[in-house]
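Peer 1: sequence plus predicted model, see below.
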Amino acid sequence: MSDFTPLQALGPVRLVTPAEPEPGDDHLERYLGHYGLAPLLAEHVGLYVGYVDARDFRLWTQVWSPDDPVGTAFVVHGYFDHLGLYRHLLERLLERRWRVVLWDLPGHGLSSGPRASIDDFDDYGGCLHALQQHLEAEGLAPRPWIGVGQSTGAAILATDALTRGDDGHWAGLALLAPLVRPWGWNQSSWLHLLAGPFVRSIPRRFRANSTDTDFAAFLREGDPLQADRVAIGWVSAMRRWMPRLLALPPHAGEDPDPAGGAGPHGGLGVEPRRAGAQVSQCRDSPPPRGAPPPGQRGRADPPGALRHPGPLHRRPGARRRPPRDRPPMTARRRPLIASLLLAPLLLAGCAAAPDRPETLRQALLNLGERAAGRVMEASALPKPPADQVLLLATPEVNGELSIGQERFRESLTRALLAVSDGPQVLDWSDSMGEGGGENQWRLESRLMADGPRLRLSDRELLPYRLTLVLRRPGGDSVMWEESLQGALDATAL
C-alpha cells in the first residue's frame, strides 16, 4: 500500500507549479493520482498545498481555485474521512467557479494529532477558525464563504454557525448527514462510562456505507490514510460536546433544531441520509437523484446560497459487532468486554434519530406504526421506497384527543424511520412547494375525534379517525388517501 507520510515534511501552503517542481512534489503527484485528484488540475485551475498551524495541530490543506472564483467553499469531512476522498464534490464546486478549501481534521489523513481522536470538539471549531483567518490573510479565501460538511464536519459547521449567530460570516451551509447525537445514547452512554476507563480504542468495522462497491473496497484495502480503530477519547469528547450544541440558541427565523438552524443569509441545505446507510454520497459517486449538488440548490444571490428544507430526521443504523479475530482470553478480556459494551454506539461518522422520549406512550406509538404501515402500502409510492423522500406536513389534530401536533408527528416520524428499507423523512416547510424531485411526496395527516368518549370500568377510550394523504410538493392533486379508525386508551397516552 502507498505511503504518503513524506508529505508531512512539506511546509506552509504554497502554489504548485509543475514547471518549477520543488522537493516533495513527486510524493504529491503520487498522492493526487492515488485519490483521483490529478485530472482536476487544468490550465484554469490552480492548486495550493501545504500545512496550516492551528492551535497545537498541523493541518494538511489544499486550496483549489478556478479563474475568477465567485467565493470560497470550505469542505469539512466526517469521522474517519480525509480530504482525498471528496473528488466528486470538489469537481462540482470547481465547475461552479468556487474556490475550494479542503483540509484534514486533526487526527485524520495527513494532519497531526492522535489517530481518529480529539480531546475536545471545540478544537475542531478552533482549527476551522484559525484556518480561515490564515487563508484570508494570505489572500486565498475570497468572500462570500459557504460551508459543506459531512457528518462530524456538518456538526462542526452547525456549531460554528449557531455560536456566531447572524453575523454574516457564512453565506450558506450544506450539511450532509449531520452528526447531532448517536442512536440509543440514553441507553449507551452509561456503557461508555463503564468501559471508558479500561480501554483506549476498539477495532473499527468497515460497514457497507456506500452503493459504490469499488469505493467501499478501496476504503478497506487501498487507502493508507484510513484509521482502523475507534478512539474512546473521541467518544468522550463527543459526549461533552452534545449538550453544548443542543443548548445553543437558534437563529432568529430559523428552526430550533441544531441540524436545521444555520446559514443566516444564504440559508441551510440538509441532505437527508440515514445513519448506517449510504452516507458517503459526496465522496464515492455523484449526488443521488433528487439531491442536486450544493451549487444548484436554492437562490442565486449570494452565489451558491442554499435552500432550507426543514428539520431532518434520521433512521437508526446497524449495530456494531465485536471483531471475529481475537487474541487468547487472558489477553483480550478487557478490550473484548469494552467492545461488547460499546457495540451499540454508532461511531462510523453519522448520527441517527434521537432516543424515544419517555413521554411518548405505547398507544400513540402503536398508532404511528399502524399509520406508517398503511403509508408503505400506498399504491402511489414506488416499491421499495428507500429512495423516496416523505415531507411531513404539520398534522391536524383534534384537541378533544389531548394529543399535541408535535407529539403525533414525532410518533409517525419514528414509525416511518423504523421501516426496513423505508423512505427518508423530512418535516415539510413552505419553501419546498417550489418544484421538488420525482422522489418527493408531501404526507398530510388529520387525526380527529370520531365520537364521544367511551368510559369503561377501568379505562376511557377515545374513538378516532386518522386520514392520510399523499400529494406532490406544490401540487393539489391527491395521489393517495386512506382513513384509519380505532380507539385510543386514554390511560396509555
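Peer 2: Nice, thanks for sending it over.
Peer 1: dig out what residue 426 forms beta bridges with.
Peer 2: With DSSP bridges applied, the residues forming beta bridges to residue 426 are residue 312, residue 391.
Peer 1: ok, now how distant is it from residue 71?
Peer 2: Per CB to CB, to the nearest Å, residue 426 is found 27 Å from residue 71. C-betas here are computed from N, CA, C, even on glycine.
Peer 1: same deal with residue 117?
Peer 2: Separation of residue 117 from residue 71 (CB to CB) stands at 33 Å.
Peer 1: quick one, strands of the stretch 101-250 of the chain?
Peer 2: Assigned by DSSP state E, counting those that start in this stretch, the stretch 101-250 of the chain shows strands spanning 145-150, 172-176, 201-203, 229-231.
Peer 1: for the ones you listed, could you give me a markdown table that also reports distance to residue 65?
Peer 2: Supplementary listing: these in a markdown table, determined by distance: least, CB to CB, whole Å:
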| stretch | distance to residue 65 |
| --- | --- |
| strand 145-150 | 14 |
| strand 172-176 | 19 |
| strand 201-203 | 38 |
| strand 229-231 | 34 |
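Peer 1: next, format these as TSV and append mean neighbour count and mean pLDDT.
Peer 2: TSV is the format used below for these (neighbours: other CB atoms under 10 Å; pLDDT from 0 to 100):
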stretch	mean neighbour count	mean pLDDT
strand 145-150	29	96
strand 172-176	29	93
strand 201-203	20	87
strand 229-231	19	92
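Peer 1: looking at those, which is nearest to residue 385?
Peer 2: Between residue 385 and the strands of the stretch 101-250 of the chain, the tightest spacing by CB to CB is seen for strand 172-176, at 21.0 Å.
Peer 1: so that closest one versus strand 145-150, what angle?
Peer 2: Taking axes from the mean of the first three to the mean of the last three CA atoms, to 10 degrees, one finds strand 172-176 and strand 145-150 inclined to each other by 10 degrees.
Peer 1: show me what strand 172-176 is packed up against.
Peer 2: The elements that strand 172-176 packs onto, with contact taken as 3 or more CB pairs under 8 Å, 6 or more residues apart in numbering; DSSP states H and E, are strand 145-150, helix 152-164, strand 268-271.
Peer 1: for residue 421, find the nearest of these.
Peer 2: strand 268-271 (18.8 Å).
Peer 1: now the closest one: mean pLDDT?
Peer 2: Confidence for strand 268-271, expressed as mean pLDDT, is 54.
Peer 1: ok, back up a step: which of the helices and strands packed on strand 172-176 sits closest to residue 390?
Peer 2: Among the helices and strands packed on strand 172-176, the nearest to residue 390 by CB to CB is strand 268-271 (14.7 Å).
Peer 1: where does pLDDT dip in the stretch 51-200 of the chain?
Peer 2: For the stretch 51-200 of the chain, applying pLDDT under 70 flags the ranges 181-190.
Peer 1: contact partners for the residue nearest to residue 109 when sequence neighbours are not counted?
Peer 2: Taking CB to CB, 6 or more residues apart in numbering as the measure, residue 109 lies nearest to residue 82, with 2.9 Å between them; neighbours along the chain are not counted. For residue 82, the contacting residues are 60, 104, 108-110, 225, taking CB atoms under 8 Å, 6 or more residues apart in numbering as the criterion.
Peer 1: circling back to that earlier point, turn the helices and strands packed on strand 172-176 into JSON lines, columns for distance to residue 53.
Peer 2: Output for the helices and strands packed on strand 172-176, formatted as JSON lines (distance: least, CB to CB, whole Å):
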{"stretch": "strand 145-150", "distance to residue 53": "21"}
{"stretch": "helix 152-164", "distance to residue 53": "19"}
{"stretch": "strand 268-271", "distance to residue 53": "31"}
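Peer 1: pick the most buried one from those.
Peer 2: Across those, the average number of neighbours (mean count of other CB atoms under 10 Å) peaks for strand 145-150, which reaches a mean of 29.
Peer 1: now do that one against helix 152-164, angle only.
Peer 2: Put simply, strand 145-150 runs at 140 degrees to helix 152-164, going by the same axes, to 10 degrees.
Peer 1: and strand 145-150, which strands flank it?
Peer 2: strand 71-76 (parallel), strand 172-176 (parallel).
Peer 1: nearest to residue 396, out of these?
Peer 2: Comparing the strands paired with strand 145-150 under CB to CB, the one sitting nearest is strand 172-176, at 29.8 Å.
Peer 1: tell me how far that closest one lies from the chain's centre.
Peer 2: The gap between the average C-alpha position of strand 172-176 and the chain average comes to 9 Å, counting by CA atoms, centre = their mean, to the nearest Å.
Peer 1: then stretch 222-242?
Peer 2: Chain-centre distance of stretch 222-242: 16 Å, with CA atoms, centre = their mean.
Peer 1: how about the helices in the stretch 301-450 of the chain?
Peer 2: When assigned using DSSP state H, counting those that start in this stretch, the helices of the stretch 301-450 of the chain occupy the ranges 329-342, 362-376, 405-417.
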